[in-house]
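1. The following block contains a protein sequence and its predicted model.
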Amino acid sequence: MNKINWNFKNTYSKLSNSFKQDIDPEPVKDPQLVLFNNKLAAELNLDISKISNEDLSELFSGNSLPDGSSSIAQAYAGHQFGHFTMLGDGRAVLIGEHLSKNNKRYDIQFKGSGKTAFSRNGDGRAALGPMLREYIISEAMNSLKIPTTRSLAVVKTGEDVIRETSLPGAILTRVASSHIRVGTFQYIAARENIDELNTLVNYTIDRHYPEIKKSNNQYLDLLNLLIDKQCDLVVNWMRVGFIHGVMNTDNMSISGETIDYGPCAFLDIYDPKTVFSSIDQTGRYAYCNQPAITKWNLARFAECLIPLIDKDQQKAIKIATKTINSFEKKYEEKWMNMMRNKLGLFDIDEKDKLLILDLLTWMHEKKADYTNTFCHLMDLNMEKNKLYDDKDFLNWKKRWNERLSKNNVTSMKSIELMRNNNPLFIPRNYKIEEVLKAAEQNNLKPFNNFLKVLEKPYDEQKGKEEYHCPSTSDEKYQTFCGT
Ligand code: AMP
Ligand code: MG
């Protein structure tokens, strides 16, 4: 069946069995399409105009596989909370690589598609709530202009999954520029087979970084490119207050996209130590630790490349270490620029860092909402809040205005810069919970309304003020893994 213009040209499935298991999705009882992303489908040049809803449900549950697909579970390993484990797609299959008309390559993956050789003790399935959660947050991230995997469809399976209680099962169709992870390199490196490692490196360069194909310093170039990409990504997360929640090396994509929306959540009140994930007892993946963990993960990636960097292991380690240690400086520079953008500051002033840190300290001390504080600075008052009459804040604003007057551009330009970098709408945690609760009771209206608001996070939207409000509950928000 290929009624929707899939154009599969698969490459990963042609690699040897060291990299994957050939396996089809396990059929489900009664598939029913819950969500379909028409805009993304159009970007992929898919055409659903001639297909019935029933056939779409069959297609996006994996009950009928499209022509040209060749379904696999990918092997990978990962450091989970610092501990190395062999993992792999335990509840997902990559059905194929789709080429859009402009020859862009997309992995099409079903998440929740049944057991594989990598399932360990898991059931291979996913529950509806978490799949809807991934759908709305990943799409919100895309609209926030942050590299991310996308969500094309959610289908209910008609089967229950057993978690703490019995829950409706679902399958998410995830679209990514690839699913190669730091953990993929760790898996292959752990096998200590240099030919396989070379295969993976060459595959990755061909697919993601062809510009270094002819370089005589390929391995270091690859490492440097990944450092840049991941640095940009985490700076973007810090910009909007995104907390990934489970930055294990298997959840870090080589393409630099945000991947794996498990226990992620958004910062509301500014506290750098914020952690939402119930299993992250030590705060390893807290908001403020994300850059340091990114560097730690990149060091695990560098370790995989050691045998290729130089035949002399000590020399290779020295080179890799030096390269990894460039992270802090790169991060600091990118982070400063990002914060300048959030504050509408052009050029560089030696006192910028102090100005920025003083604002963050004030926000922390006064428990100010991160998103809404920047909205306030853009003269968009999301909530009437006496907080912003605070003397210390007004003093800070005075210094900020003095700095703004040094900009060599019009104030219009400065506002424009702020408007492009400060979202007005984020997927606020309690709102996400609210719309998921309704969706689980078969009412998708609140979910779709919120999804629509999140499509234009930088725009003012009349009548949508309720979505700006921080939670009024004192209860600590918690997210969960293993969903
Ligand atoms: P995650 O926490 O989603 O990054 O998953 C970590 C690992 O656990 C991956 O190898 C997943 O494939 C696997 N996994 C998570 N949930 C399940 C499940 N229900 N059944 C089988 N494997 C799972
Ligand atoms: Mg994962």
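-> Done, it's in. Numbering: from 1, shown residues only. Ligands and ions are numbered 1, 2, ... in the order given.

2. Which stretches in the stretch 201-350 of the chain count as strands?
-> Assigned by DSSP state E, counting those that start in this stretch, the strands in the stretch 201-350 of the chain fall at 242-243, 265-266.

3. Dump those into TSV; add mean neighbour count and mean pLDDT as well.
-> (C-beta placed from N, C-alpha, C; glycine too.) Shown next, in TSV, are the strands of the stretch 201-350 of the chain (neighbours: other CB atoms under 10 Å; pLDDT from 0 to 100):
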stretch	mean neighbour count	mean pLDDT
strand 242-243	26	98
strand 265-266	24	98
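
4. can you list the ones you listed in TSV and add distance to ligand 1?
-> TSV is the format used below for the strands of the stretch 201-350 of the chain (distance: least, CB to the nearest ligand atom, whole Å):
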stretch	distance to ligand 1
strand 242-243	15
strand 265-266	15
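
5. Kindly reformat those strands as CSV and extend each row with distance to residue 49.
-> Output for these, formatted as CSV (distance: least, CB to CB, whole Å):
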stretch, distance to residue 49
strand 242-243, 35
strand 265-266, 36
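
6. do you know which of those lies nearest residue 318?
-> Proximity to residue 318 (CB to CB) singles out strand 242-243 among these, at 34.3 Å.

7. Just the buried positions in the helix or strand hosting residue 187, please.
-> According to DSSP states H and E, residue 187 maps onto helix 182-190. Buried residues in helix 182-190, defined by neighbour count with 16 or more other CB atoms under 10 Å: 182, 183, 184, 185, 186, 187, 188, 189.

8. tell me which of those residues is nearest to ligand 1?
-> residue 183 (8.7 Å; CB to the nearest ligand atom).

9. List the contacts of the closest one.
-> By CB atoms under 8 Å, 6 or more residues apart in numbering, the contact list for residue 183 reads 76, 77, 78, 79, 87, 248, 249, 250, 251, 252.

10. Just the buried residues from those residues, in ChimeraX please.
-> Those of those that count as buried under 16+ other CB under 10 Å are selected in ChimeraX with:
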select :76,77,78,79,87,248,249,250,251,252
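
11. biggest helix in the chain by residues?
-> If you go by DSSP state H, the chain has its longest helix at helix 218-240.

12. Which neighbouring elements make contact with that one?
-> Applying 3 or more CB pairs under 8 Å, 6 or more residues apart in numbering; DSSP states H and E, one finds that helix 218-240 contacts helix 194-208, helix 290-309, helix 313-324, helix 327-342.

13. Please point out which parts of it sit buried.
-> 218-223, 225-227, 229-240.

14. how close does the residue in the chain sticking out farthest from the centre get to residue 370?
-> The centre of the chain is farthest from one residue, residue 391, which by CA atoms, centre = their mean lies 38.0 Å away. According to CB to CB, to the nearest Å, residue 391 stands 21 Å off from residue 370.

15. cool, and residue 342?
-> The value you get for residue 342 to residue 370, if CB to CB is used, is 10 Å.

16. Spell out which parts of the chain neighbour ligand 1.
-> Within the chain, the positions adjacent to ligand 1 are 87-91, 118-119, 122-125, 246, 250-251, 260, 262, 481 by CB under 6 Å from any ligand atom.

17. restrict these to contacts with ligand 2.
-> Restricting the residues of the chain next to ligand 1 to those touching ligand 2 (CB under 5 Å from the ion) yields 251, 260.

18. quick one: the helix holding residue 187 to helix 290-309, angle?
-> 30 degrees (axes from the mean of the first three to the mean of the last three CA atoms, to 10 degrees).

19. just to revisit the earlier point, what is the rounded mean pLDDT of the longest helix of the chain?
-> What helix 218-240 shows for mean pLDDT is 98.

20. Determine how far that helix lies from the middle of the whole chain.
-> The chain centroid and the centroid of helix 218-240 are separated by 13 Å, computed with CA atoms, centre = their mean, to the nearest Å.

21. What of stretch 468-481?
-> On CA atoms, centre = their mean, the centre of stretch 468-481 falls 20 Å from that of its chain.

22. Same question for stretch 437-445.
-> On the basis of CA atoms, centre = their mean, stretch 437-445 sits 24 Å off its chain's mean C-alpha point.

23. same thing with stretch 288-298?
-> 15 Å.

24. Can you tell me what sits against that stretch?
-> 79, 182, 223, 226-227, 230-231, 233-234, 237-238, 243-244, 247, 249, 252, 272-273, 283-285, 324, 327-328, 331, 335.

25. how is this structure carved up into domains?
-> Following automatic domain parsing, one finds the domains of the chain at 12-179, 212-424+468-483, 429-467.

26. Any idea how far apart the tips of the first one sit?
-> To tie it back to what came earlier, the one meant is domain 12-179. End-to-end distance of domain 12-179 (CA to CA, to the nearest Å): 10 Å.

27. Can you give the distance of that domain from its chain's centre?
-> That offset, for domain 12-179, works out to 15 Å (CA atoms, centre = their mean).

28. swap in the longest one?
-> Taking CA atoms, centre = their mean, one finds the center of domain 212-424+468-483 at 13 Å from the center of the full chain.

29. residues near the residue in the stretch 151-300 of the chain that ligand 2 sits nearest to, how many?
-> The stretch 151-300 of the chain approaches ligand 2 most closely through residue 260 (4.1 Å), counting by CB to the ion. If you count neighbours by other CB atoms under 10 Å, residue 260 ends up with 22.
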